[in-house]
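Peer 1: need the 3D shape of this:
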Amino acid sequence: METKTIRLTMAQALLRYLDRQYVQMDGQETKFFKGIMGIFGHGNVTGIGEALERGGLDLTFIQGKNEQGMVHAAAAFAKQTNRREIFACTTSIGPGALNMVTAAATATVNRIPVLLLPGDNFASRQPDPVLQQLEIGSDYTVSANEPLKAVSKYWDRIVRPEQLMKAAAHAMRVLTDPAETGAVTLALPQDVQTEAYDYPISFFEKRVHYLDRRPPAAEALGRAVELIRGKKKPLIVAGGGILYGGAELELASFAEAFGIPVAETQAGKGSLPWDHPLNVGGIGVTGSLAANLLAKDADLVIGVGTRYSDFTTASKSAFSSEGVEFLNVNINAMDAVKLNGYALICDAREGLQALAKALTQAGYAAGYPLQDIAALKQKWDAEVNRLYALKHEGGFVQTEALGIINQTIDPSAVIVCAAGSLPGDLHRLWRSAQPKTYHMEYGFSCMGYEVSGAFGAALAEPERDVYAIVGDGSYLMLHSELVTSLQEGRKITVLLFNNHGYQCIHNLQREHGSDGFGNEFRYRTENGALSGDYMPIDFTAQALSLGAAAYKAASAEALQEVLLLAKQERVSTLIEIPVLPGTNSQGYESWWNVGVPEVSPSEKVTAAHAKMKQKTDALKSRDW
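Peer 2: Coordinates of the predicted model:
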């Protein structure tokens with residue numbers, strides 16, 4: 001039988017293929033590719049650019065303003081849709097492709113699918129070297145796209161148009177695998193993008209990728225149940241897998257059935273409402289007093305959908321009970337075996353349901369007096385109230401500003417954050433009432449994610465208010481997609497905390513012996529030091545110049561007023577909030593292992609090293 005074909009360029013075929021990909025989970029089918037974000041250059045404008053312009057496809061094109069920013073936006077979109085819908089991102093060769101590396105790493109670290117389609121050198125090598133080509137004398141196959149290998153879960157280069165068919169299948173395999181997903185790169189030589197091939201019509205048929213929930217293996221489940229039955233003080237650590245797996249109800253039911261407190265990671269925050277009796281707040285370096293005290297006493301840690309970063313474990317010091325063990329419920333085998341844990345490799349919802357059924361049959365109950373958990377929670381709630389009401393005669397306190405925001409914006413609104421001192425305050429203090437309203441990128445804690453991420457979240461959920469909560473340092477690093485939000489009519493509100501620099505790292509310096517160096521935005525003085533007056537940057541004027549609305553609020557009363565005014569604005573809005581440096585919250589029963597110099601002219605530094613070494617030496621005997 002003769003195979004029917006259609007003659008298309010490789011770029012045309014690629015986009016037609018993407019337009020026909022669907023995913024299905026729990027019987028609900030979703031078109032996987034919402035569209036393409038791109039910045040055109042000579043390496044993609046006549047290939048993918050032409051295919052988008054003339055293709056007649058159901059793919060929305062969004063014009064990025066910075067390659068890193070648009071990939072952040074695509075990742076945030078995928079995160080907010082629980083990885084059911086994504087954008088692909090296309091760039092030219094050279095600088096455009098390299099600008100995606102940081103954002104690709106951010107997506108991969110956070111297990112978020114994004115498809116990257118950078119242009120590449122001519123496969124024919126006839127017009128060699130081309131503009132923006134990277135020439136490596138020892139290996140001429142290397143291009144500026146090779147750095148994307150280190151940050152991609154799958155990487156391929158299409159040097160013949162027919163290779164697309166196999167490469168596309170492998171790309172979809174990784175993008176739709178919850179255990180292996182992350183950035184996927186298909187490097188596209190600019191000549192091959194425009195070469196034609198007779199593709200089989202079957203390549204463009206609708207394809208549904210089934211996201212089947214993986215149940216736990218019977219024997220592994222039995223081992224997990226026996227482990228739990230022998231423990232009196234288990235603690236659940238809820239990670240992002242709870243939200244991606246839609247297991248919020250199962251988490252609540254499991255905790256309530258057996259009287260087990262729940263602590264949340266940055267990615268898992270919002271899995272339970274903040275006022276649920278068993279939600280004891282964030283855990284680890286940026287955790288609550290309640291969660292960290294319970295962690296010290298836990299004899300079993302049940303991690304559900306968490307990758308256990310050093311912030312979650314307080315550099316492995318959070319869990320200090322003699323003989324503490326770990327049960328890791330995770331779809332990803334690498335995460336499931338961390339901390340020398342017992343691995344229950346499965347979907348979060350399936351795992352919690354199976355554990356609940358077996359433990360109920362066994363008559364299990366944790367040994368916590370519920371009044372003790374309630375007392376810890378009440379004490380922590382009082383501390384949050386205190387920090388939300390904290391005043392300082394010198395100016396606006398950061399924790400008070402966050403309290404005003406938390407109490408004023410709609411409970412269904414989405415907040416987006418990533419870096420600086422704000423993630424610590426938000427993890428500890430922010431009261432999330434609903435799932436998917438707390439959008440924190442803290443796997444990579446990538447400065448510059450916030451504004452781009454807010455735009456991506458607004459694309460995913462246009463019916464919700466979306467706020468980027470960002471420090472001035474992170475805002476200055478990358479805010480280009482604020483312009484894209486205006487272009488697309490997707491309103492975001494940027495809450496810019498202006499504390500004159502990288503104050504989070506400034507604090508970290510001084511905590512370990514430094515007098516403070518190179519982290520504040522100050523003028524250079526006559527003696528050559530960056531220790532002059534703070535630079536008076538007018539962020540509201542800058543936002544207005546872009547076409548956004550803008551306000552400034554330097555007090556609780558003013559902030560509450562302008563939040564209400566901003567809600568009525570029809571375009572993206574920036575609110576500049578001047579806050580006193582150093583008025584963020586501090587750690588509660590937690591510790592973070594950072595390198596401190598063993599020798600230094602400063603006695604403060606060597607004293608800090610001795611203190612750090614005492615703590616690290618105490619952890620050396622652990623095998624996890």
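Peer 1: and the longest helix seen in the chain, what does it pack against?
Peer 2: Longest helix of the chain, by residue count under DSSP state H: helix 370-388. For helix 370-388, the contact count by 3 or more C-beta pairs under 8 Å, 6 or more residues apart in numbering; DSSP states H and E identifies strand 279-282, helix 289-297, helix 398-408, helix 422-429 as packing neighbours. C-betas here are computed from N, CA, C, even on glycine.
Peer 1: can you pull the buried residues of that helix?
Peer 2: Within helix 370-388, the residues scored as buried using 16 or more other C-beta atoms under 10 Å are 373, 376-377, 380-381, 383-384, 387-388.
Peer 1: circling back to that earlier point, just name the most buried of the helices and strands packed on helix 370-388.
Peer 2: strand 279-282 (a mean of 28; mean count of other C-beta atoms under 10 Å).
Peer 1: what about the residue lying closest to R431 once chain neighbours are set aside, distance to V280?
Peer 2: In this structure, R431 finds its nearest non-sequential neighbour in W274, 4.1 Å apart by C-beta to C-beta, 6 or more residues apart in numbering. Distance check for W274 against V280: by C-beta to C-beta, to the nearest Å, it reads 10 Å.
Peer 1: ok, now F87?
Peer 2: For F87 relative to V280 (C-beta to C-beta), the value is 36 Å.
Peer 1: ok, and the closest non-adjacent residue to the residue most central in space within the chain?
Peer 2: The chain has E441 as the residue nearest its centroid, 2.6 Å off, counting by C-alpha atoms, centre = their mean. Counting by C-beta to C-beta, 6+ apart, A418 is the residue found nearest to E441 once chain neighbours are left out, at 4.2 Å.
Peer 1: number of residues surrounding that neighbour?
Peer 2: The local packing of A418 (other C-beta atoms under 10 Å) involves 30 other residues.
Peer 1: how about the helices in the stretch 351-500 of the chain?
Peer 2: Assigned by DSSP state H, counting those that start in this stretch, the stretch 351-500 of the chain shows helices spanning 370-388, 398-408, 422-429, 449-460, 472-477, 481-488.
Peer 1: can you redo those helices as a markdown table with mean pLDDT and distance to K611?
Peer 2: Converted to a markdown table, the helices of the stretch 351-500 of the chain look like this (pLDDT from 0 to 100; distance: least, C-beta to C-beta, whole Å):
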| stretch | mean pLDDT | distance to K611 |
| --- | --- | --- |
| helix 370-388 | 97 | 25 |
| helix 398-408 | 98 | 26 |
| helix 422-429 | 98 | 21 |
| helix 449-460 | 98 | 33 |
| helix 472-477 | 98 | 28 |
| helix 481-488 | 98 | 42 |
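Peer 1: rebuild these as a markdown table, extending it with distance to V142.
Peer 2: Output for those, formatted as a markdown table (distance: least, C-beta to C-beta, whole Å):
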| stretch | distance to V142 |
| --- | --- |
| helix 370-388 | 52 |
| helix 398-408 | 46 |
| helix 422-429 | 36 |
| helix 449-460 | 29 |
| helix 472-477 | 28 |
| helix 481-488 | 30 |
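Peer 1: what's the closest of those to V174?
Peer 2: Closest to V174 of those, according to C-beta to C-beta: helix 449-460, at 20.3 Å.
Peer 1: tell me the SS of H276?
Peer 2: coil (DSSP: H, G, I helix; E, B strand; the rest coil).
Peer 1: what distance do you get for it to V151?
Peer 2: Look at H276 and V151: by C-beta to C-beta, they are 37 Å apart.
Peer 1: likewise for T181?
Peer 2: Going from T181 to V151 by C-beta to C-beta gives 13 Å.
Peer 1: go ahead and confirm R349 touches A247.
Peer 2: Yes: using C-beta atoms under 8 Å, R349 makes contact with A247 at a distance of 3.9 Å.
Peer 1: now do the contacts for A11.
Peer 2: By C-beta atoms under 8 Å, 6 or more residues apart in numbering, the residues touching A11 are 47-48, 50-51, 188, 193-194.
Peer 1: now the nearest residue to I39 once chain neighbours are set aside: how far from V151?
Peer 2: Leaving aside its chain neighbours, I39 sits nearest to G64 (4.9 Å; criterion: C-beta to C-beta, 6+ apart). The gap separating G64 from V151 is 18 Å, by C-beta to C-beta.
Peer 1: try R490
Peer 2: In terms of C-beta to C-beta, R490 sits 27 Å off from V151.
Peer 1: now F33
Peer 2: Taken as C-beta to C-beta, the span from F33 to V151 is 21 Å.
Peer 1: same check, this time on V114
Peer 2: From V114 over to V151 the distance is 11 Å, taken as C-beta to C-beta.
Peer 1: more neighbours: which of those two?
Peer 2: Of the pair V114 and V151, V114 is the one with more neighbours under other C-beta under 10 Å, namely 31 against 22.
Peer 1: so who does that one touch?
Peer 2: Applying C-beta under 8 Å, 6+ apart to V114 gives the contacts 71, 74-75, 78, 86-89, 103-104, 107, 182-184.
Peer 1: need the pLDDT of it.
Peer 2: Looking at V114, its pLDDT is 98.
Peer 1: what does D128 give?
Peer 2: With respect to pLDDT, D128 has a value of 89.
Peer 1: can you give me the neighbour number for K391?
Peer 2: 10.
Peer 1: you'd agree it is up against G403?
Peer 2: No: contact criterion C-beta under 8 Å: K391 and G403 do not qualify, at 11.3 Å.
Peer 1: now the strands: where do they sit in the stretch 401-550 of the chain?
Peer 2: 414-417, 438-440, 466-471, 493-498, 549-552 (DSSP state E, counting those that start in this stretch).
Peer 1: if you compare those, which one is most tucked away?
Peer 2: Per stretch, and counting mean count of other C-beta under 10 Å, the top mean among the strands of the stretch 401-550 of the chain goes to strand 466-471, which has a mean of 29.
Peer 1: distance between it and the chain's centre?
Peer 2: How far strand 466-471 lies from its chain's middle: 14 Å, per C-alpha atoms, centre = their mean, to the nearest Å.
Peer 1: separation between G182 and G69?
Peer 2: 19 Å.
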